[in-house]
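**Student:** need a structure here:
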Amino acid sequence: MTGDITVISGPTAVGKGTVVSALRRRCPELWVSVSATTRAPRPNERHGRDYLFVSDAEFDDLIARDGLLEWAVVHGKHRYGTPRRPVEEAVAAGRRVILEIDLQGARQVRSKLPGVRSIFLQPPSWEVLVERLVGRGTESDEGRARRLATARVELAAASEFDHIVVNEDLEQTVEELVGLLGLASTSSEGSS
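**Tutor:** I've put the predicted structure just below:
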């Protein structure tokens, strides 16, 4: 599979989803993959929009059918993966593809598709990352500790990526991504 594919990765709570959503609003020609996961939806998350929420058996079936471009156990608990067929269809249609995935997935994709562009979103500081994670209020103390331990490992891998973008201000971050991807944005997006 060849095509214009960009991996956007970074640690938990760095704002990957927020940044990619804002980027999509600015550049609607982008096609963003929807990951499958075995975790339960958070408040306001919808199946098919935010994630494909699947059972363990459904995830096992995707693996058995080679239906995932990449997959991993994330934070030692739930599985996440990128369904292969929609990505292949988007590439075949000439779409510019964004994969918003974790470090393990990014490594798998880069090994299978060496020509992909990879961008690492980094927090302005460790303290800001912790604030963002705590501020979400979506994890227990145990879950937060697990995510922060994973985040330390992920931050140490930033140099593996083609580009590092510090996500301090949403509008600035999106502008930098638009430039890195060589896109023309269609509207101005605030940081709300």
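**Student:** quick one: contacts of stretch 111-121?
**Tutor:** Contact with stretch 111-121 is made by 1-2, 5-10, 14-16, 19, 69-70, 99, 106, 109-110, 157-158, 160-167, 173, 177, 180-181, as judged by CB atoms under 8 Å, 6 or more residues apart in numbering. The way it works is simple: take the backbone N, C-alpha and C, and place the C-beta from them, glycine included.
**Student:** Need the CA coordinates for the helix ranked longest in the chain. CSV is fine.
**Tutor:** The longest helix of the chain (DSSP state H) is helix 141-156. Only the C-alpha atoms of helix 141-156 are listed here, as CSV (Å, rounded to 0.1, in the frame of the first residue of the first chain):
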residue,chain,number,x,y,z
ASP,A,141,-6.2,6.9,40.2
GLU,A,142,-4.9,3.5,39.1
GLY,A,143,-5.8,4.3,35.5
ARG,A,144,-4.0,7.7,35.7
ALA,A,145,-0.9,6.1,37.1
ARG,A,146,-0.9,3.5,34.4
ARG,A,147,-1.3,6.1,31.6
LEU,A,148,1.4,8.3,33.1
ALA,A,149,3.9,5.4,33.2
THR,A,150,3.1,4.7,29.6
ALA,A,151,3.5,8.4,28.7
ARG,A,152,7.1,8.5,30.1
VAL,A,153,8.0,5.7,27.7
GLU,A,154,6.2,7.4,24.8
LEU,A,155,7.9,10.7,25.4
ALA,A,156,11.3,9.1,25.4
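**Student:** picking that back up, restricted to helices, list the contacts of stretch 111-121.
**Tutor:** Lys16, Val19, Ala106, Val109, Arg110, Thr173, Leu177, Leu180, Leu181.
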